[in-house]
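**Q** Take a look and give me a structure for this.
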Amino acid sequence: MLETKQRDVQVLPIGINTTVMRSRTWDRLKFEIEYALQRGTTANSYLIKADKIALIDPPGESFTEIFLTELKKRIDPTQIDYVILGHVNPNRGITLKALLELAPQITFVCSNPGAIALRTILESPDLNITVVRGDETLDLGKGHHLEFILTPNPRWPDSLCTYDPITKILFTDKLFGAHLCGDQVLDEGWTIISEHRRYYFDCVMAPHARQVEKALDKLDDFPVKLYATGHGQLVRYSLIPLTQSYRQWCEEQKSQDTTVAMLYASAYGNTGTVAQAIARGITKAGVAVESLNCEVADPEEIRVAVEKAEGFIMGSPTLGGHAPTQIQTALGIVLSTATKTKLAGVFGSYGWSGEAIDLIESKFRDAGYQFGFETIRVKFKPTEVTLKYCEEAGTDFAQALKKAKKARTSRQQVTDSQIARTEQAVGRLIGSLCIVTAKQGDVTGAMLADWVSQATFNPPGLTVSVAKDRAIESLMYQGDKFVLNILEEGKHLGLMKHFLKPFAPGEDRFSGVATAEGENGCPILTDALAYVECRVENRMECGDHWLVYGIVTNGKLLSDGVTAVHHRKSGAHY
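**A** Model prediction:
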């Protein structure tokens with residue numbers, strides 16, 4: 001079983017004098033929202049051995065020991081001339097410190113923001129650093145004349161891609177990746193991982209769509225045969241389709257008619273992770289996010305983003321009992337720019353105190369802003385449950401914005417006689433009233449559903465339509481498990497009313513409801529007519545819903561009654 005595998009390093013040649021070292025784990029690496037699918041990951045590093053030797057993107061501390069052990073088998077670390085960094089963070093710093101102990105002669109190559117972060121993380125002002133500002137190249141000999149492309153975004157303001165013209169390999173770091181672990185190095189049969197690539201984009205890239213699109217424009221200037229990604233499979237066979245998909249997904253984000261300005265700073269990465277989780281909840285509800293890292297954003301950029309957005313959310317760490325100077329500056333811009341009709345939100349992480357969060361919240365309340373969710377305070381690193389809470393808070397924020405916008409542009413109420421004939425006809429489709437329940441670790445979810453249908457005899461399978469902004473949606477990806485609880489006519493109103501009510505982020509959906517644990521670990525409603533336990537086999541994106549195909553693995557009839565059904569007057573709403 002995959003769950004029993006240990007972490008290891010997979011090493012393979014991918015081009016002239018070029019090797020990939022894939023540090024792999026089948027476990028979830030905690031506290032990163034983009035790992036939420038829990039399919040493991042690879043941290044891909046690259047070694048170019050020419051006249052001079054360059055190591056590109058060594059992994060973070062989860063892999064430090066096994067990576068260095070494998071590296072020593074391939075090369076004497078004292079022979080390494082350059083370590084090229086697509087981005088710098090404290091997690092990667094552990095490996096870099098260990099490398100410096102083995103090879104103090106190393107010259108680091110990174111962007112200027114990366115150099116600033118590197119000196120801080122490694123606690124040394126005397127590092128050998130070549131700073132890339134846009135036009136620099138690096139000649140390793142034997143034709144490996146490396147070029148660099150600055151691709152900053154709010155989460156990784158130091159982001160840098162590297163291009164090798166002799167192999168036509170583009171080392172993309174965070175771009176074009178996916179968090180999946182397996183033996184396959186290249187992306188043959190790539191369609192089976194399309195869902196994971198889309199999820200990765202939605203979690204990691206969607207809040208920075210404008211900056212990602214600028215990066216794509218820069219990368220268009222380079223003839224590329226292979227994307228050497230930072231995570232997951234390397235991209236060769238789907239290079240053109242994936243690039244086109246990134247452009248399409250960016251355009252979808254930019255074309256949303258409702259926008260939230262996400263303003264934050266993140267001292268140790270925790271506040272940034274929370275921001276990413278909230279942004280994920282917002283974007284899945286069909287609202288765009290303009291994410292700005294106040295540590296590097298220009299004041300005018302902040303002003304413009306807040307001015308055009310329907311709502312704004314601000315997050316801050318607490319450093320020495322205060323908010324960082326950049327956050328205080330951004331706070332002043334928001335208070336002087338944002339009209340009182342805009343929805344507000346506040347979040348932050350802290351160690352021993354959270355004065356920065358209290359400061360921002362009090363300033364917004366005193367100014368008269370309405371809040372889209374209760375202020376989120378995260379002590380130290382966010383947990384899996386915390387991240388799910390943040391995602392749900394983001395979705396609630398987005399739905400509140402859309403509701404307010406709809407009220408401002410409300411049209412005359414549509415009567416039954418005015419409903420289009422097509423909508424009337426579609427509304428005559430009926431389905432079984434069911435409660436879908438799911439569980440992953442400490443995170444649970446449930447929703448009322450009637451867009452349910454048996455889909456196959458062999459294997460026994462069914463489809464469930466799940467709106468994109470449903471909280472349970474993130475628990476129903478390929479390989480996940482769920483239970484379909486079928487309600488009984490005449491006994492369904494209690495359960496129906498319970499699961500129809502709005503739940504606050506993180507609220508227990510099963511409080512006061514009789515449940516048992518299914519064989520697949522998901523909750524069974526014991527007052528249902530019947531239940532079937534399922535495993536998600538596939539998903540298909542269909543407009544504003546996902547169509548989830550599940551294979552039935554177990555089931556039981558709990559009563560002799562008949563199935564409750566739901567009749568609608570229109571196909572335009574539930």
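**Q** contacts, neighbours, all on C-alpha from now
**A** OK.
**Q** Show me where the stretch 351-500 of the chain has its helices.
**A** For the stretch 351-500 of the chain, applying DSSP state H, counting those that start in this stretch gives helices covering 355-367, 384-408, 421-427, 493-500.
**Q** deepest of those helices, which one?
**A** Mean neighbour count (mean count of other Cα atoms under 10 Å) peaks for helix 384-408 among the helices of the stretch 351-500 of the chain, with a mean of 21.
**Q** M540: which element?
**A** According to DSSP states H and E, M540 maps onto strand 530-542.
**Q** Give the helix, strand or coil label for the residue nearest the centre of the chain.
**A** In the chain, the centroid-proximal residue (Cα atoms, centre = their mean) is C203; its distance is 1.8 Å. With DSSP: H, G, I helix; E, B strand; the rest coil as the basis, the three-state label of C203 is helix.
**Q** So it sits against Q276, correct?
**A** Yes - with contacts counted by Cα atoms under 8 Å, C203 reaches Q276, the gap being 6.9 Å.
**Q** What is the subsequent helix or strand relative to the strand holding M540?
**A** Once the chain leaves strand 530-542, the next helix or strand it forms, by DSSP H and E, is strand 545-557.
**Q** Check which helices and strands the helix or strand just after that following strand sits against.
**A** Moving toward the C-terminus from strand 545-557, the next helix or strand (DSSP H and E) is strand 565-566. When contacts are defined as 3 or more Cα pairs under 8 Å, 6 or more residues apart in numbering; DSSP states H and E, strand 565-566 packs onto strand 431-432.
**Q** what lines up beside the strand it packs on in the sheet?
**A** In the sheet, strand 431-432 lines up against strand 565-566 (antiparallel) (DSSP bridges).
**Q** so how far is the partner strand from its chain's centroid?
**A** Computed by Cα atoms, centre = their mean, to the nearest Å, the chain-centroid distance of strand 565-566 equals 35 Å.
**Q** again with stretch 546-563
**A** 31 Å.
**Q** Which residues belonging to it are considered buried?
**A** 546-553, 555, 563 (16 or more other Cα atoms under 10 Å).
**Q** Let me know the closest of those to D164.
**A** W546 (39.6 Å; Cα to Cα).
**Q** roughly how far apart are the nearest residue to that closest one once chain neighbours are set aside and N554?
**A** Residue nearest to W546 in three dimensions, not counting chain neighbours: V466, with 5.2 Å by Cα to Cα, 6 or more residues apart in numbering. Per Cα to Cα, to the nearest Å, V466 is found 21 Å from N554.
**Q** roughly how far apart are K214 and G86?
**A** 17 Å.
**Q** can you give me the strands in the stretch 51-200 of the chain?
**A** 53-56, 82-84, 107-111, 129-132, 137-139, 145-150, 160-164, 169-173 (DSSP state E, counting those that start in this stretch).
**Q** can I get those strands in CSV with mean pLDDT, mean neighbour count and distance to Q6?
**A** Listed next are those as CSV, based on pLDDT from 0 to 100; neighbours: other Cα atoms under 10 Å; distance: least, Cα to Cα, whole Å:
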stretch, mean pLDDT, mean neighbour count, distance to Q6
strand 53-56, 98, 22, 24
strand 82-84, 97, 22, 27
strand 107-111, 96, 24, 31
strand 129-132, 94, 18, 35
strand 137-139, 96, 14, 37
strand 145-150, 97, 20, 35
strand 160-164, 97, 24, 30
strand 169-173, 97, 24, 24
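**Q** Tell me who's in contact with A215.
**A** Listed by Cα atoms under 8 Å, 6 or more residues apart in numbering, the contact set of A215 reads 150-152.
**Q** Return the alpha-carbon coordinates of the helix or strand bottoming out on mean pLDDT in the chain using PDB.
**A** None of the helices or strands of the chain scores lower by mean pLDDT, DSSP states H and E than helix 421-427, at a mean of 82. Extracted in PDB, the C-alpha atoms of helix 421-427 (Å, rounded to 0.1, in the frame of the first residue of the first chain):
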ATOM      1  CA  ARG A 421     -41.000  27.600 -20.400                       C
ATOM      2  CA  THR A 422     -37.600  25.900 -20.600                       C
ATOM      3  CA  GLU A 423     -37.000  26.600 -16.900                       C
ATOM      4  CA  GLN A 424     -40.400  25.200 -16.100                       C
ATOM      5  CA  ALA A 425     -39.600  22.000 -18.000                       C
ATOM      6  CA  VAL A 426     -36.200  21.500 -16.400                       C
ATOM      7  CA  GLY A 427     -37.800  22.000 -13.000                       C
END
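**Q** In this structure V443 contacts L387, no?
**A** No - V443 is beyond contact range of L387, at 9.9 Å (criterion: Cα under 8 Å).
**Q** Where does the prediction get shaky in the chain?
**A** 1-5, 28-38, 408-419 (pLDDT under 70).
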